[in-house]
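Peer 1: got a predicted model here, sequence first, then my questions.
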Amino acid sequence: MGDRVDDPDGLIWIDALGLACAAFDRGWQVGVETDYLPRRIVEGAWVGTEPDLRVFS
């Protein structure tokens, strides 16, 4: 992934993010700290909140 620093497709590692989210949902401890796995997404911090759609206005 280091060779994809300037590639927008390399900003978030979707495969690992999906696995981390599934593991967290099943109660597993996700101990990896990296920008490729945003903690707020892994932990579902946004679940149950109203979306801010102003960015699309």
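Peer 2: Noted; the coordinates are in hand. Being a predicted model, the structure only gives us computed values, none of them experimental. Numbering: from 1, shown residues only.

Peer 1: for residue 45, which non-adjacent residue is spatially closest?
Peer 2: residue 39 (7.8 Å; C-beta to C-beta, 6 or more residues apart in numbering). Yep, even glycine has a C-beta here, placed from its N, CA and C like the rest.

Peer 1: my read: the one you found touches residue 33, true?
Peer 2: Yes. Look at residue 39 against residue 33 with C-beta atoms under 8 Å: they come within range, at 7.5 Å.

Peer 1: of these two, who's got more company?
Peer 2: Neighbour tally, residue 39 and residue 33, criterion other C-beta atoms under 10 Å: the higher count belongs to residue 39, 14 against 7.

Peer 1: phi and psi next, for the residue nearest to residue 45.
Peer 2: Note on residue 39: backbone dihedrals following degrees, to the nearest 10 are phi -60, psi -40.

Peer 1: scan the chain for its longest helix.
Peer 2: Counting residues, the longest helix found in the chain (DSSP state H) is helix 14-25.

Peer 1: give me the next element, helix or strand, following that helix.
Peer 2: helix 39-42 (DSSP states H and E).
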